[in-house]
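In: No letters, just coordinates:
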């Protein structure tokens with residue numbers, strides 16, 4: 001597999017952006033919620049699901065996509081949104097409930113919609129699967145070579161929508177890729193207690209489509225696998241099911257006591273951090289032996305500036321006026 005260095009650097013920048021964004025959001029979310037946790041307090045009220053550690057899934061897949069391809073994310077959506085190119089300022093403002101947000105502050109972090117890059121997500125487990133299938137059906141009906149991607153967790157693969165979606169997509173040979181994020185836990189239930197097979201990729205055989213399992217949270221392996229799936233979809237060969245072994249460093253939600261996890265689990269996972277491994281790869285493969293980290297540091301600087309700018313924009317933006325509650329609710 002040969003990936004041009006500019007593309008590699010772009011992928012690294014997006015992974016770092018996601019990590020910095022999630023870590024910054026974790027801090028902002030806790031403002032006003034301590035010492036006694038109050039989910040309604042602070043500048044970001046409501047639930048919060050963060051994806052630090054799961055960057056390879058979003059970046060490895062979305063690196064192949066175009067603006068006019070559709071992505072449907074989950075209730076843990078920030079990494080998908082960033083990798084797809086959602087406006088970071090508007091996304092952050094939406095999460096802060098500001099009028100400058102993607103939905104004028106009405107949707108919050110589980111309901112991010114950016115039609116400019118064909119991104120959407122849903123707080124309902126598994127709900128994005130039929131939505132992506134619908135988008136793929138529209139692409140096929142219009143004779144467009146666009147693809148749709150449904151991201152969802154391994155727990156959602158036990159929902160009826162998963163089987164219905166795969167069945168129709170396979171039957172109609174739709175240009176859709178189903179991507180399962182196996183982060184080991186469906187909220188607090190381990191995969192071994194909810195799924196009778198080791199990998200959901202094996203379920204593809206029941207629908208006569210390719211199923212691929214990607215181990216070790218490796219962005220390059222995800223990129224290679226996703227490239228083949230996207231090429232199949234664009235070429236009219238139908239859907240692919242991919243499952244990626246990944247890891248979340250935060251709890252299911254912020255404030256999750258995580259009593260279901262071994263105490264040293266996250267520390268062990270971070271010892272094999274995918275961003276650190278990718279950075280080492282970029283250093284070792286650099287064509288500039290005199291300063292192999294120069295372009296890498298530039299990407300890290302750009303990522304940090306983007307995140308700082310987005311949060312500053314969100315904090316400085318205004319809240320919607322009270323009468324906004326009655327706008328955009330009904331269609332004449």
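Out: Happy to help now that I have it. Every value quoted in this text rests on a predicted model; they were computed, and no experiment measured them.
In: State the distance from residue 173 to residue 136.
Out: 10 Å (C-beta to C-beta, to the nearest Å). The way it works is simple: take the backbone N, C-alpha and C, and place the C-beta from them, glycine included.
In: Show the contacting residues for the closest residue to residue 124 other than its chain neighbours.
Out: Spatially, and ignoring its direct neighbours in sequence, residue 124 is nearest to residue 75 (7.7 Å; C-beta to C-beta, 6 or more residues apart in numbering). If a contact means C-beta atoms under 8 Å, 6 or more residues apart in numbering, then residue 75 has 49, 110, 121, 122, 123, 124, 125 as its contacts.
In: Please name the bridge partners of residue 190.
Out: residue 185 (DSSP bridges).
In: hang on, it packs against residue 184?
Out: Yes - the pair residue 190 / residue 184 is scored as a contact, 6.2 Å apart, by C-beta atoms under 8 Å.
In: Between the two, which is the more surrounded one?
Out: residue 184 (17 against 13; other C-beta atoms under 10 Å).
In: circling back: ok so the residue nearest to residue 124 is a helix residue?
Out: No - membership of residue 75 in a helix is not supported by DSSP: H, G, I helix; E, B strand; the rest coil, which gives coil.
In: And it, how far from residue 143?
Out: In terms of C-beta to C-beta, residue 75 sits 33 Å off from residue 143.
In: ditto for residue 310
Out: With C-beta to C-beta as the criterion, residue 310 and residue 143 are 37 Å apart.
In: of those two, who's got more company?
Out: residue 310 (23 against 6).
In: tally of neighbours for the closest residue to residue 294 other than its chain neighbours?
Out: Using C-beta to C-beta, 6+ apart and skipping residues adjacent in sequence, the residue nearest residue 294 is residue 288, 6.6 Å away. By the criterion of other C-beta under 10 Å, residue 288 has 10 neighbours.
In: roughly how far apart are residue 288 and residue 89?
Out: 33 Å.
In: To which secondary structure element is residue 181 assigned?
Out: strand 176-182 (DSSP states H and E).
In: what's the average pLDDT for that strand?
Out: Mean per-residue pLDDT for strand 176-182: 98.
In: got the contact list for that strand?
Out: Contacts of strand 176-182 (C-beta under 8 Å, 6+ apart): 54, 57, 61, 74, 129, 132-133, 135-136, 147-154, 156-157, 162, 165-166, 169, 191, 199-201, 226, 229-230, 233, 239-246.
In: about what we covered before: phi, psi of the residue nearest to residue 294?
Out: According to degrees, to the nearest 10, the main-chain angles of residue 288 amount to phi -100, psi 100.
In: Residue 243 now?
Out: Per degrees, to the nearest 10, the backbone of residue 243 is at phi -120, psi 130.
In: Tell me if I'm right that it and residue 200 touch.
Out: Yes - in this structure, residue 243 is within contact of residue 200 by C-beta under 8 Å, at 4.7 Å.
In: Give me the common contacts of the two.
Out: Joint contacts of residue 243 and residue 200 (C-beta under 8 Å, 6+ apart) are 154, 157, 180, 182, 211.
In: Mind putting these into TSV with neighbour count?
Out: Formatted as TSV, those follow (neighbours: other C-beta atoms under 10 Å):
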residue	neighbour count
154	23
157	27
180	28
182	26
211	20
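In: Turn those residues into a markdown table, including distance to residue 304.
Out: As requested, those are exported to a markdown table (distance: C-beta to C-beta, whole Å):
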| residue | distance to residue 304 |
| --- | --- |
| 154 | 32 |
| 157 | 35 |
| 180 | 31 |
| 182 | 30 |
| 211 | 38 |
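In: Done for today, thanks.
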